[in-house]
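In: model the structure of this input:
(one chain, ligands or ions: 1)
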Amino acid sequence: MDIGIQQLKLSHILWICLIGIFAIRALYRRWKHRKIYAFMASLPGPISLPFIGGDYILIGISRTNLCGKMKTLTKWYPDGVSGMWERNEPHVLTSSREVLNAVLSSSENIDKFYHYDHFQIVANSMITASGTEWRTIRNIVNPGFRSNILSLFDDNFTYHTRAFVDRLEKYENSDEFDIFVPVHLCTIDLISDNMVQARIGVQENDPTGRMSLAMTELFEMMFERAFSPLLWPDFIYKLLGKQKIIDQLISEHYNFVQRMLEVHIKKKQELREENRHAGNPQIYINILLDKVDKGVLTKDRVIAEVNETLMAGSYTSGTIVAWVFKLLGMFPDIQERAYQELKESCVGDRVELDDLPKLVQIEMIIKETLRHFGVPFTGRHIIKDVEINGKLTIPAGIQMFLNIYGLHHDPEYWEKPGEFYPEHFSPLKEKSRPRGAFIPFLGGPRVCPGSRYAMRSMKLMIASTLLRYKFSTDEKPPEDLRDMDYRYIVLLHPAAGFRVKIERR
Ligand code: HEM
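Out: Take a look at the predicted model:
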């Protein structure tokens, strides 16, 4: 009996000690991060529950309805700033123009928020790198993205775009088809030839579109994991066989980049043998290979960099061009206006690069497409306090969820937020809109370095295709485009695909 009482007391003492340790740890954490706790308590947001924080608001949110849910969240918090604990991590969600731009333009807060860990492929590269490592690589490659380099790509832009328009011939007057893969193969060809100076010709040599399908599959898997906490532990991911598929897809990508490099090096040797200039030192690939020669970068690092630039550059611009074709089919009046301007601006049956500045309607359409379907969200880890207009200070330690989609649909800046209304970007309206209300390429130190390249290549592809073909689709747009179903993969893809019909003009 005495022993029983002694055992009971011992287990009581153990429990009390355990609870005491937890309580002291929790109190110490609260004291150490008191500034963050006070700040979070000052923000509106869902009530935080033990262990799960505000995660319960994510129930029912998927990759298809995320934007719709964000619309509700933004409505809940009219100032466009709210706080939410995601387990132990303090998150601030914002779609406020002032807050977004203050965070993005900060030269210290350049690290991505921790959700980006799911997008780390194998080796680090510029897109996922942080701190000094990011600064070093960004400084190295910046000259390769300068606007004076763009004119060197003119012949390649024209060559691959004409090949794209010609290859669409096989779809003329047929049933609806998904235009994404043909568009994406063209943007892959453009990046290979321009940035890596390697003419691989996937439009011609990859009839099944394997490279495009492999990239979509890789992105799909990365975004699936990011949205499924059950898939976060590595051992579960491996157990389900998903890691093996990811590894195969990555090795397919790396083999492709390796092939690009081999083609590039062979071409350089041929030029040298003919005593011809072997390459402009300001071209992206030449900058990187020069750093390998000097021992600053490894060859593996160059492969990782080229792979991510290929993915970031071809997938984004391919998605926007495919959206424009689908939207032209959905909105025949807008298509007709753009076509009339195009016909008046171009001599003959081809679009020349010099014609592009005259194509105001197409530029407005591209921007309106970026507003609706561009990169919807990103995030930063705040490591140094950010002060916003003397009204709000975001303390170090916060994970910022930057809701670009919310800003791009904020009725304060957009007359018809849910409509496809290219007039939002008429020269007059653009002039009267405050700076930083439209940021499809973000801003500040981590601004997309490929924005000028992207605008030039997209405009040429769209104008050249529209001059030859008329687009239509059986799909009717909803009254409010925010009510469409999407697949969130880097940008927003329509759940029903990029289905269109084309007819020769
Ligand atoms: C419509 C086309 C494009 C869109 C909408 C777009 C958008 C973006 C955005 C929003 C970011 C910042 C992501 C973040 O910090 O969270 C970014 C970064 C980046 N983009 Fe683009 N991009 C486009 C085209 C391109 C092209 C054509 C290239 C290359 C030729 C490119 C290369 C990159 C790179 C390398 C980064 C990483 C920059 C860094 O972290 O310092 N992008 N892009």
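In: which element is the residue of the stretch 101-250 of the chain at minimum distance from the ligand on?
Out: In the stretch 101-250 of the chain, the residue that lies nearest the ligand is residue 127 (4.4 Å; C-beta to the nearest ligand atom). Every C-beta, even on glycine, is put in place using the N, C-alpha and C of the backbone. Remark: residue 127 resides in no helix or strand, with elements defined by DSSP states H and E.
In: up against the ligand, what does the chain have?
Out: 126-127, 138, 191, 195, 309, 312-313, 316-317, 320, 370, 374-375, 378, 440-442, 446, 448-450, 453-454 (C-beta under 6 Å from any ligand atom).
In: out of those residues, which are inside helices?
Out: Judged by DSSP state H, helices contain the following of the residues of the chain next to the ligand: 138, 191, 195, 309, 312-313, 316-317, 320, 370, 453-454.
In: pull the most distant pair out of the residues you listed.
Out: Using C-beta to C-beta, these span at most 23.6 Å, a distance reached by 138 and 320.
In: where do the strands sit along the stretch 1-150 of the chain?
Out: Secondary structure of the stretch 1-150 of the chain (DSSP state E, counting those that start in this stretch): strands located at 81-86, 89-94.
In: among the ones you listed, which gets the worst mean confidence?
Out: For these, mean pLDDT drops lowest on strand 81-86, to a mean of 87.
In: list the helices and strands it packs on?
Out: Contacts defined by 3 or more C-beta pairs under 8 Å, 6 or more residues apart in numbering; DSSP states H and E place strand 81-86 against helix 34-41, strand 89-94.
In: can the ones you listed go into TSV with extra columns for distance to residue 54 and mean neighbour count?
Out: As requested, the helices and strands packed on strand 81-86 are arranged in TSV below (distance: least, C-beta to C-beta, whole Å; neighbours: other C-beta atoms under 10 Å):
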stretch	distance to residue 54	mean neighbour count
helix 34-41	10	14
strand 89-94	8	22
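In: TSV for the ones you listed, including distance to residue 483?
Out: Shown next, in TSV, are the helices and strands packed on strand 81-86 (distance: least, C-beta to C-beta, whole Å):
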stretch	distance to residue 483
helix 34-41	32
strand 89-94	21
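In: show the pLDDT at the residue lying closest to residue 479 once chain neighbours are set aside.
Out: Distances taken as C-beta to C-beta, 6 or more residues apart in numbering place residue 418 nearest to residue 479, at 7.3 Å, with adjacent residues excluded. pLDDT, the model's per-residue confidence, is 93 for residue 418.
In: can you get me a residue count around residue 418?
Out: Using other C-beta atoms under 10 Å, the number of residues around residue 418 comes to 16.
In: contacting residues for the residue lying closest to residue 52 once chain neighbours are set aside?
Out: Nearest residue to residue 52 in three dimensions, chain neighbours excluded: residue 87, at 6.6 Å (C-beta to C-beta, 6+ apart). Counting by C-beta atoms under 8 Å, 6 or more residues apart in numbering, residue 87 touches 51-53, 55.
In: next, count neighbours for the residue of the stretch 201-350 of the chain found nearest the ligand.
Out: When scored by C-beta to the nearest ligand atom, the stretch 201-350 of the chain has residue 313 as its residue closest to the ligand, at 3.0 Å. By other C-beta under 10 Å, the residues close to residue 313 number 22.
In: mind listing what it touches?
Out: Each residue near residue 313 by C-beta under 8 Å, 6+ apart is listed here: 187, 191, 195, 450, 453-454.
In: mind redoing it with 7 Å?
Out: By C-beta atoms under 7 Å, 6 or more residues apart in numbering, the contact list for residue 313 reads 191, 450.
In: about what we covered before: so between residue 138 and residue 320, which is more surrounded?
Out: Neighbours per residue (other C-beta under 10 Å) separate residue 138 from residue 320, with residue 320 holding more: 24 against 16.
In: isn't the more buried one up against residue 369?
Out: Yes - with contact defined as C-beta atoms under 7 Å, residue 320 counts as touching residue 369 (5.6 Å).
In: tally up the residues packed near the closest residue to residue 414 other than its chain neighbours, please.
Out: Leaving aside its chain neighbours, residue 414 sits nearest to residue 424 (5.9 Å; criterion: C-beta to C-beta, 6+ apart). Counted by other C-beta under 10 Å, the residues lying close to residue 424 total 21.
In: what's the answer for residue 24, then?
Out: When counting by other C-beta under 10 Å, one arrives at 10 neighbours for residue 24.
In: residue 478 now?
Out: Per other C-beta under 10 Å, the neighbour tally for residue 478 reads 11.
In: assign a three-state SS to it, would you?
Out: What DSSP: H, G, I helix; E, B strand; the rest coil gives for residue 478 is coil.
In: ok, back up a step: out of the strands of the stretch 1-150 of the chain, which is closest to residue 409?
Out: Using C-beta to C-beta, the nearest of the strands of the stretch 1-150 of the chain to residue 409 is strand 89-94, at 14.0 Å.
In: ok, and what's touching that closest one?
Out: In contact with strand 89-94 (C-beta under 7 Å, 6+ apart) are residues 36, 40, 43, 73, 80-84, 100, 114, 394, 397-403.
In: of these, buried ones?
Out: Buried by 16 or more other C-beta atoms under 10 Å: 36, 40, 43, 73, 80-84, 100, 394, 397-403, out of those.
In: returning to that earlier point: I'd say the residue nearest to residue 479 and residue 480 touch.
Out: Yes - between residue 418 and residue 480 there is a contact under C-beta under 7 Å: 3.4 Å.
In: from this protein, which residue is nearest to the ligand?
Out: Counting by C-beta to the nearest ligand atom, the chain gets nearest the ligand through residue 450, at 2.2 Å.
In: secondary structure element for the nearest residue to residue 193 once chain neighbours are set aside?
Out: Nearest residue to residue 193 in three dimensions, chain neighbours excluded: residue 156, at 4.4 Å (C-beta to C-beta, 6+ apart). Assigned by DSSP H and E, residue 156 falls within helix 154-167.
In: residue 174 in helix, strand or coil?
Out: Following three-state DSSP, residue 174 is assigned to coil.
In: skipping adjacent residues, who's closest to it in space?
Out: Nearest one to residue 174, counting by C-beta to C-beta, 6+ apart, is residue 501 at 7.5 Å.
In: tell me where the stretch 351-500 of the chain has strands.
Out: All strands of the stretch 351-500 of the chain, identified by DSSP E, counting those that start in this stretch, fall at 377-381, 386-388, 392-394, 399-403, 469-472, 486-489, 491-494, 499-504.
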